[in-house]
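**Student:** return atomic coordinates for the entry below.
(one chain, ligands or ions: 1)
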Amino acid sequence: MLNKKMAQALNEQINKEMYSAYLYMSMSACSNKMGLKGFANWFMVQYHEEMFHAMKLFEYVQRQGEDIKLEAIKAPPKEFASQLDMFTQTLAHEQFITKSINDLMELAMEKKDHATQIFLEWYITEQVEEEENDNDIIAQLKLIGDNPHALLMLDRELAARMTTIPTDFSKGVEAAAKGA
Ligand code: FEO
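**Tutor:** Numbering: from 1, shown residues only. Next comes the predicted model:
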């Protein structure tokens with residue numbers, strides 16, 4: 001059982017994770033248009049990660065017997081100036097998500113909701129990794145500057161990123177994660 005305020009906040013987090021997926025889908029499309037298929041791949045893998053984050057919340061709220069309330073997902077930006085611009089925006093967005101997860105944890109602590117605290121721990125660890133990945137790529141992009149050859153080398157490296165989380169949720173997220 002969830003406190004009503006907690007259930008509402010978790011539902012809002014589903015929307016934030018879906019927006020994240022949408023944002024990275026848009027960055028993937030923009031990278032593809034720029035001829036950078038490795039970056040396009042990296043952002044599509046990130047899209048899958050975000051869908052997994054959203055679906056984990058979707059399943060948790062239902063398992064706790066609460067209603068799912070889906071809201072409109074706002075449109076992401078369509079144009080980005082450069083790969084550095086994309087990753088700078090990605091990091092800023094992830095910092096916003098980290099704050100949102102921290103706020104959820106504080107609410108769960110305030111409500112003495114132990115199950116939700118344990119559930120959210122996964123997201124807290126995940127956010128450290130997400131911000132670290134973005135910082136690493138931003139550092140590389142700053143070194144690259146406007147050297148197209150070096151940018152293409154990084155593009156080739158990012159082409160190797162593979163999806164490691166479940167993408168089929170027809171039997172539920174927990175079941176899919178066990179089978180992954
Ligand atoms: Fe779901 Fe990228 O945070």
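**Student:** going forward, measure contacts and count neighbours with C-alpha atoms only.
**Tutor:** OK.
**Student:** in whichever strand or helix holds residue 13, which residues are buried?
**Tutor:** Here residue 13 sits within helix 4-33, counting by DSSP states H and E. Of all the residues in helix 4-33, those buried under the rule 16 or more other CA atoms under 10 Å are 6-31.
**Student:** can you tell me how far the closest residue to residue 64 other than its chain neighbours sits from the ligand?
**Tutor:** Distance criterion CA to CA, 6 or more residues apart in numbering; nearest residue to residue 64, sequence neighbours excluded, is residue 1 at 5.1 Å. Between residue 1 and the ligand the computed distance is 24 Å (CA to the nearest ligand atom, to the nearest Å).
**Student:** ok, residue 1 - contacts?
**Tutor:** 64, 65, 66 (CA atoms under 8 Å, 6 or more residues apart in numbering).
**Student:** scan those and report the most crowded one.
**Tutor:** residue 66 (17 neighbours; other CA atoms under 10 Å).
**Student:** wait, what's in contact with that one?
**Tutor:** 1, 2, 7.
**Student:** where does confidence bottom out across those?
**Tutor:** Minimum pLDDT for the contacts of residue 66 is recorded at residue 1 (87).
**Student:** related to what we said a few turns ago, of the buried residues of helix 4-33, which are in range of the ligand?
**Tutor:** By CA under 6 Å from any ligand atom, the members of the buried residues of helix 4-33 lying near the ligand are residue 17.
**Student:** who's in contact with the most centrally placed residue in the chain?
**Tutor:** Nearest residue to the geometric centre of the chain (CA atoms, centre = their mean): residue 50, 3.6 Å. Going by CA under 8 Å, 6+ apart, residue 50 touches 17, 18, 20, 21.
**Student:** now do residue 12
**Tutor:** Residue 12 neighbours (CA under 8 Å, 6+ apart): none.
**Student:** distance of it from residue 123?
**Tutor:** Applying CA to CA, to the nearest Å, the value for residue 12 to residue 123 is 15 Å.
**Student:** let me know the helix or strand that residue 151 is in.
**Tutor:** Here residue 151 is assigned to helix 148-158, by DSSP H and E.
**Student:** could you list the buried residues of the worst-scoring helix or strand of the chain on mean pLDDT?
**Tutor:** Using mean pLDDT, DSSP states H and E, the weakest-scoring helix or strand in the chain turns out to be helix 173-179, at a mean of 83. By 16+ other CA under 10 Å, the buried positions in helix 173-179 come out as residue 173.
**Student:** alpha carbons of that helix, in CSV - could you do that?
**Tutor:** Extracted in CSV, the C-alpha atoms of helix 173-179 (Å, rounded to 0.1, in the frame of the first residue of the first chain):
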residue,chain,number,x,y,z
VAL,A,173,9.4,-6.0,-15.8
GLU,A,174,10.5,-8.2,-12.9
ALA,A,175,10.0,-11.4,-15.0
ALA,A,176,11.8,-9.8,-17.9
ALA,A,177,14.7,-8.7,-15.7
LYS,A,178,15.1,-12.3,-14.3
GLY,A,179,15.1,-13.7,-17.9
